[in-house]
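S.K.: Attaching a predicted model along with its sequence, questions to come.
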6 protein chains.
Amino acid sequence: MTTVRLLTDEQASPQAREVFDDIRKTRNTDYVNNSWRAMANHPAMLRRNWEKAKQIMGPGTLDPVTKELIYLTVSIMNDCEYCIHTHTHFARQKGMTEQQYAEMLDIIGLATEGNRMMTAMQVPVDERYQVR
Amino acid sequence: MTTVRLLTDEQASPQAREVFDDIRKTRNTDYVNNSWRAMANHPAMLRRNWEKAKQIMGPGTLDPVTKELIYLTVSIMNDCEYCIHTHTHFARQKGMTEQQYAEMLDIIGLATEGNRMMTAMQVPVDERYQVR
Amino acid sequence: MTTVRLLTDEQASPQAREVFDDIRKTRNTDYVNNSWRAMANHPAMLRRNWEKAKQIMGPGTLDPVTKELIYLTVSIMNDCEYCIHTHTHFARQKGMTEQQYAEMLDIIGLATEGNRMMTAMQVPVDERYQVR
Amino acid sequence: MTTVRLLTDEQASPQAREVFDDIRKTRNTDYVNNSWRAMANHPAMLRRNWEKAKQIMGPGTLDPVTKELIYLTVSIMNDCEYCIHTHTHFARQKGMTEQQYAEMLDIIGLATEGNRMMTAMQVPVDERYQVR
Amino acid sequence: MTTVRLLTDEQASPQAREVFDDIRKTRNTDYVNNSWRAMANHPAMLRRNWEKAKQIMGPGTLDPVTKELIYLTVSIMNDCEYCIHTHTHFARQKGMTEQQYAEMLDIIGLATEGNRMMTAMQVPVDERYQVR
Amino acid sequence: MTTVRLLTDEQASPQAREVFDDIRKTRNTDYVNNSWRAMANHPAMLRRNWEKAKQIMGPGTLDPVTKELIYLTVSIMNDCEYCIHTHTHFARQKGMTEQQYAEMLDIIGLATEGNRMMTAMQVPVDERYQVR
């Protein structure tokens, strides 16, 4: 159950449908997933988020799998069920291997434990690791 | 100010000094940073965390920069000042470019906003993104 | 599934039932929702939380909708499914418009992204924004 | 200490300086604060965040103080020192009274405690608070 | 730097001073620490939090050190610098040994890593661990 | 739905089955719960986490119930549904009383509210609570 309706193409406003069409074209698929159908209740939010996602997750100096690994890591840290499922799917779709997935999980476990230890003991940054 | 003392080589127990020596050898440096000197108050914790870090951050199918980007992303999400400074340093040391850094920041911003929107509206996972 | 039973009026202790009665009277409804029925396992906790909620969410210098927007914002940041659903409901009941809801979501997205960027780059507070 | 340099007007790229100029004009001040000087290292990020902030924090159906209260609440939940200081300042500048500030703090305390209790006991959402 | 002034006894209102006096008497000390001096700006908040702290941290079925370990664990997870320092101090004052401190840190590390792994892989609760 | 398969004994690798056998023997039960069956997809992760859990949650200077209370507190703060259910079960199995459970919940509520107040007002640590 959502706090807003997931809008079908018929229920969406013309501005929202325009974004749906760009999603379909950019991703080369007929399917528009629930995240966009929820945001369609607020067309300006839908457009801004889609434009941002299209640009940031598009070609850059980081390869597509690395980008998805970072997105997935954030989603795990924020405990976002929707985002964990969709971006685990996207990462695999773009070529993430199970070994890479295991390494990402290992690093998340290592880092989150290390973070809490440093915070618990309030360890100060070594002078040499400070950027001037 | 820490909640424990940062142990010098002289103050550390023989078991802790052994780990310090392995850190120096593995990283090919004389410098042992504060995180290990804090953990040295609890030698078993020091050894377990160092062995784990050495293995997980060592060679794998993800390249060293990608590993650091994931570690840094977790540290930013956990708001760990110590870890943000050291791992931004390590990432650059291993070759992270400023453009890659900017792309990582962009993805963190995109994902953390998207996470909160999905959580706020309690959007259900599309059937097709569920793993069976 | 909860970790404790949701107590019916019959199962609740006299002290808990007294709080149930005050909830019914204060809210002018027969319905006592699950949060209170869970807390009823610990009557002192139930009473303290209800008295606090009644006072803090009651009349003040912030209007009822603004109070609910702040409550909802915290619940989204803490990823509390129960609280997101109930307080989205309460906010609408007290008059929150869909436009206000969209603006709140926009601010949450803006702020949470901005927060992470400042944390990632460890930006120091400008002298002029420090309170003396 | 930041992980990037805070760029002066002279160090910033022409694209970044253009945003600085718009910040000065929009806010009717000569002062460009550290958050923008840090983002100026990545001009596209700077522009996107400024345009978004200008639009979202500008006139809407929520009044300026309410908008700042929501922004501040998110910043407190994310524990962002920079954002807490700047947005407490902005909220007061826009008219937040000390009584409103105290009420916001009270609601944050009430909600964050309530959130954790519901999460701890895994209380299910009452059917009547579910949106269909 | 705080966002409010830390009130001295002279600056505090009579209601706030009354709470200061009870803190002194209950703790058998002349010293009133900064947390209460900050809350003194909002006397009702000060009283409510002090009464609650006095009751909850007072005698119960959990011993004083265990209570402080739980308080400290929450503070570490919330990354509250003030609370980490004060409650590490209080825990030691009430008898926490360095070995107990190390065990608490170990459990926090173990649990926070385990939590993230379960969340990352979205593991469902075994039927037998569900309370009916 | 998980993002990986929960491996049965037949599907697990010999290394993973060896860990399953040690879990059965250590806990004196036939049942291997879902967390280990999920980690079995990555046998090295499975072994490392099991060895760590066996050591840290085993005999020490903190009693078994206190250890579970700390584990549970972390899980509640991280909002890990799987871990909340299993460790509430384990805590009760090891002897946690309902009164102790209520006291733990009270301390979590008290601490998480106090943490946010200190963070919101950016209260500095009193000199006397700083460890040198």
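M.R.: Sure thing, it's come through. Keep in mind that what you see is a predicted model, and the values were worked out from it rather than measured. Numbering: from 1, shown residues only, chains lettered A, B, ... in the order given.

S.K.: Pull up the residues of chain A that are close to chain D.
M.R.: A:1-5, A:48, A:52, A:125, A:130-132 (CB under 8 Å from any CB of the partner chain). C-beta here means a position set from N, CA and C on the backbone, and glycine is covered the same way.

S.K.: dump the residue contacts of A:Thr2.
M.R.: Contact analysis of A:Thr2 by CB atoms under 8 Å, 6 or more residues apart in numbering or on different chains lists A:38, B:121-124, D:131.

S.K.: To which secondary structure element is the residue positioned nearest the centre of chain A assigned?
M.R.: By CA atoms, centre = their mean, the mean C-alpha position of chain A lies nearest to A:Tyr71, the distance being 4.2 Å. Using DSSP states H and E, A:Tyr71 maps to helix A:64-77.

S.K.: Would you agree the residue nearest to the centre of chain A is in contact with A:Thr88?
M.R.: No. Shown here, A:Tyr71 and A:Thr88 do not form a contact pair, counting by CB atoms under 8 Å, at 10.1 Å.

S.K.: Can you check the pLDDT for the residue in chain A positioned nearest to chain C?
M.R.: Per CB to the nearest CB, A:His42 is where chain A lies closest to chain C, at 4.0 Å. On pLDDT, A:His42 comes in at 95.

S.K.: do the same with A:Pro59
M.R.: For A:Pro59, the predicted pLDDT is 96.

S.K.: picking up where we left off before, pull up the per-residue confidence for the residue nearest to the centre of chain A.
M.R.: 98.

S.K.: that older thread, for the helix or strand following the helix holding A:Tyr71, what is the average pLDDT?
M.R.: In the C-terminal direction, the helix or strand that comes right after helix A:64-77 (DSSP H and E) is helix A:81-93. Averaged across helix A:81-93, the pLDDT comes to 97.

S.K.: Can you tell me what sits against helix A:81-93?
M.R.: A:33-35, A:65, A:68-69, A:71-72, A:75-76, A:101, B:111, B:114-115, B:118-119, B:123-126, B:128-131, E:119-120, E:122, F:1, F:3.

S.K.: Emit the PyMOL select command for whichever of those residues are buried.
M.R.: Buried subset of the contacts of helix A:81-93, written as a PyMOL selection, criterion 16 or more other CB atoms under 10 Å in any protein chain shown:
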select buried, (chain A and resi 33+34+35+65+68+69+71+72+75+76+101) or (chain B and resi 111+114+115+118+119+123+124+125+126+129) or (chain E and resi 119+120+122) or (chain F and resi 3)
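
S.K.: tell me, which of the contacts of helix A:81-93 make contact with chain C?
M.R.: Among the contacts of helix A:81-93, the ones lying near chain C by CB under 8 Å from any CB are B:Thr119.

S.K.: just the helices in chain A please.
M.R.: A:14-27, A:34-39, A:43-56, A:64-77, A:81-93, A:98-121 (DSSP state H).

S.K.: buried ones in the last one?
M.R.: Of the residues in helix A:98-121, those buried under the neighbour-count criterion (16+ other CB under 10 Å) are A:100-121.

S.K.: residue in chain A nearest to chain F?
M.R.: A:Ala102 (4.0 Å).

S.K.: Is that residue in contact with F:His42, as I believe?
M.R.: Yes. Counting by CB under 8 Å, A:Ala102 does reach F:His42; the two are 4.0 Å apart.

S.K.: Name the residues of chain A found near chain E, please.
M.R.: So far as CB under 8 Å from any CB goes, chain A lies against chain E at A:76-77, A:79, A:81, A:84-85, A:105, A:108-110, A:112-113, A:116-117, A:119-122.

S.K.: how much space between A:Tyr82 and chain E?
M.R.: According to CB to the nearest CB, to the nearest Å, A:Tyr82 stands 11 Å off from chain E.

S.K.: What ranges in chain A fall below the confidence cut-off?
M.R.: Under the criterion pLDDT under 70, the flagged ranges of chain A are A:131-132.

S.K.: What residues does it have near chain F?
M.R.: So chain A meets chain F at A:79, A:84-85, A:88, A:98, A:102, A:105-106, A:109 (CB under 8 Å from any CB).

S.K.: wait, which of the residues of chain A next to chain D is closest to E:Pro14?
M.R.: Among these, A:Val125 lies closest to E:Pro14 (CB to CB), at 44.2 Å.

S.K.: Phi first, then psi, for the closest one.
M.R.: Per-residue torsions, A:Val125: phi -70, psi 130 (degrees, to the nearest 10).

S.K.: Tell me who's in contact with it.
M.R.: Taking CB under 8 Å, 6+ apart, we find A:Val125 in contact with B:34, B:81-82, B:85-86, D:1.

S.K.: If we use 6 Å, what do you get?
M.R.: When contacts are counted by CB atoms under 6 Å, 6 or more residues apart in numbering or on different chains, A:Val125 touches B:82, B:85.

S.K.: The one 4 residues further on now?
M.R.: Taking CB under 6 Å, 6+ apart as the criterion, A:Tyr129 is in contact with B:85-86, B:89.

S.K.: could I get the residues you listed as JSON lines with neighbour count?
M.R.: Output for those, formatted as JSON lines (neighbours: other CB atoms under 10 Å in any protein chain shown):
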{"residue": "B:His85", "neighbour count": "22"}
{"residue": "B:Thr86", "neighbour count": "25"}
{"residue": "B:His89", "neighbour count": "20"}
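
S.K.: want to throw those residues into JSON lines with distance to A:Phe20?
M.R.: Output for these, formatted as JSON lines (distance: CB to CB, whole Å):
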{"residue": "B:His85", "distance to A:Phe20": "43"}
{"residue": "B:Thr86", "distance to A:Phe20": "44"}
{"residue": "B:His89", "distance to A:Phe20": "44"}
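
S.K.: of all those residues, which comes closest to F:Asp21?
M.R.: B:Thr86 (39.4 Å).

S.K.: Wait, A:Ser13 touches A:Asn41, no?
M.R.: No. Look at A:Ser13 against A:Asn41 with CB atoms under 6 Å: they stay out of range, at 9.3 Å.

S.K.: Between the two, tell me which one has more neighbours.
M.R.: A:Asn41 (23 against 13; other CB atoms under 10 Å in any protein chain shown).

S.K.: where does the more buried one fall, phi/psi-wise?
M.R.: Dihedral angles (degrees, to the nearest 10) for A:Asn41: phi -60, psi -20.

S.K.: Let me see the contact set for it.
M.R.: Here A:Asn41 is in contact with A:Val4 (CB under 6 Å, 6+ apart).

S.K.: That one and C:Tyr101: what is the separation?
M.R.: 9 Å (CB to CB, to the nearest Å).

S.K.: Quick check: end-to-end length of stretch A:54-61?
M.R.: This stretch, stretch A:54-61, spans 15 Å end to end (CA to CA, to the nearest Å).

S.K.: ok, the residue nearest to A:Leu6 when sequence neighbours are not counted - how many residues close by?
M.R.: Sequence neighbours aside, A:Arg37 is the residue nearest to A:Leu6 in space, at 4.1 Å (criterion: CB to CB, 6 or more residues apart in numbering or on different chains). Applying other CB under 10 Å, we find 23 residues neighbouring A:Arg37.

S.K.: can I assume A:Arg37 is in contact with A:Thr8?
M.R.: No. A:Arg37 is beyond contact range of A:Thr8, at 7.5 Å (criterion: CB under 6 Å).

S.K.: Would you mind measuring from A:Gln93 to chain E?
M.R.: 18 Å.

S.K.: Same question for A:Arg24.
M.R.: A:Arg24 is 28 Å from chain E, by CB to the nearest CB.

S.K.: residue contacts, A:Met104?
M.R.: A:69, B:70.

S.K.: Let's see that with 7 Å instead.
M.R.: Applying CB atoms under 7 Å, 6 or more residues apart in numbering or on different chains to A:Met104 gives the contacts A:69, A:73, B:70.

S.K.: Noted, bye for now.
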